[in-house]
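A.B. asks: What follows is a predicted protein model with its sequence.
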Amino acid sequence: MLSLADGTAVAADEVLIAVGRARNVENLALERAGVRFERQAGIVVNARLLTSHPHIYAAGDVCGALQFTHAADAQARIAVRNALFPGGARADTLVIPWCTYTRPELAHVGATSRELERAGHAFDRYRVEFGELDRGQTDDAADGFAEVLTARGSDRILGATIVGRDAGEQLSPLVMAFTRRLGLKRLGALVLPYPTRSE
């Protein structure tokens, strides 16, 4: 039995607690080095991950909006390139997918339908239920779906969501297509092993 703050009792078999993380930069004396930071947003960086100090870069949770390990790794590679080699690698062009490792998994890249609707972008929706696939039926993995959103009347991918077993693994081809601006027609030309969920 779980007791809520208002006194309500809730019966549950399992409870998921997601408390989040907070940036801890206040005690680093960044102001002495001339590095600007904000309490909520963390260290202020530009698209090249350069701080307000011309020789200091920052990457990861201390400055990134998305606090994912894979986002921090990608930012770290950009910061190292920019610090050690001339050039202009940019973090603002990164495509960062995400996956929530629950049962079933929820994996996503790009825009959601809600974001597109709010922005007034017309889109087409393509959705396949795993139960419609032979692998979903033979592997007892019929729960879940794959959904791709494209620009209205086009095959240009705007966003994709997969819910189901190994959704994070299955998202990879869609991340590649989204990042490289390959449309659904190019993906449709692939010959995949049969039967698979990635089909």
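C.D. replies: Arrived safely, thanks for sending.

A.B. asks: Show me what counts as buried in the longest helix along the chain.
C.D. replies: Secondary structure of the chain per DSSP state H: the longest helix is helix 69-84. Across helix 69-84, burial judged by 16 or more other Cβ atoms under 10 Å covers 71, 72, 74, 75, 78, 79, 81, 82. Just so you know, the C-beta spots here come from the backbone N, C-alpha and C atoms, and that holds for glycine as well.

A.B. asks: neighbours of the closest residue in space to the fifth one that isn't next to it in sequence, just the number please.
C.D. replies: This points to residue 78. Excluding the flanking residues, the one nearest residue 78 by Cβ to Cβ, 6 or more residues apart in numbering is residue 89, at 4.5 Å. Using other Cβ atoms under 10 Å, residue 89 has 17 other residues around it.

A.B. asks: Residue 89 touches residue 80, doesn't it?
C.D. replies: No - using Cβ atoms under 8 Å, residue 89 is not in contact with residue 80, being 9.1 Å away.

A.B. asks: before we move on, back to that, for residue 25, state which of the buried residues of helix 69-84 is nearest.
C.D. replies: For the buried residues of helix 69-84, the residue nearest residue 25 by Cβ to Cβ is residue 72; the value is 14.6 Å.

A.B. asks: What residues does the nearest residue to that closest one once chain neighbours are set aside make contact with?
C.D. replies: The shortest distance from residue 72 to any non-neighbouring residue, by Cβ to Cβ, 6+ apart, is to residue 60 (3.5 Å). By Cβ atoms under 8 Å, 6 or more residues apart in numbering, the contact list for residue 60 reads 71, 72, 75, 76.

A.B. asks: so the residue nearest to residue 78 sits in a strand?
C.D. replies: No - using DSSP: H, G, I helix; E, B strand; the rest coil, the assignment for residue 89 is coil, not a strand.

A.B. asks: And it, how far from residue 76?
C.D. replies: Applying Cβ to Cβ, to the nearest Å, the value for residue 89 to residue 76 is 11 Å.

A.B. asks: Next: residue 31.
C.D. replies: In terms of Cβ to Cβ, residue 31 sits 24 Å off from residue 76.

A.B. asks: How about residue 32?
C.D. replies: For residue 32, the distance to residue 76 - Cβ to Cβ - is 24 Å.

A.B. asks: do residue 94 as well
C.D. replies: Taken as Cβ to Cβ, the span from residue 94 to residue 76 is 12 Å.

A.B. asks: Contacts made by the stretch of helix or strand residue 176 belongs to with the rest, please.
C.D. replies: Element membership for residue 176 (DSSP states H and E) is helix 172-179. Contacts with helix 172-179, where a contact means Cβ under 8 Å, 6+ apart, come from 95, 97, 109-110, 148, 157, 159-160, 162, 182-184, 186-187, 190, 198.
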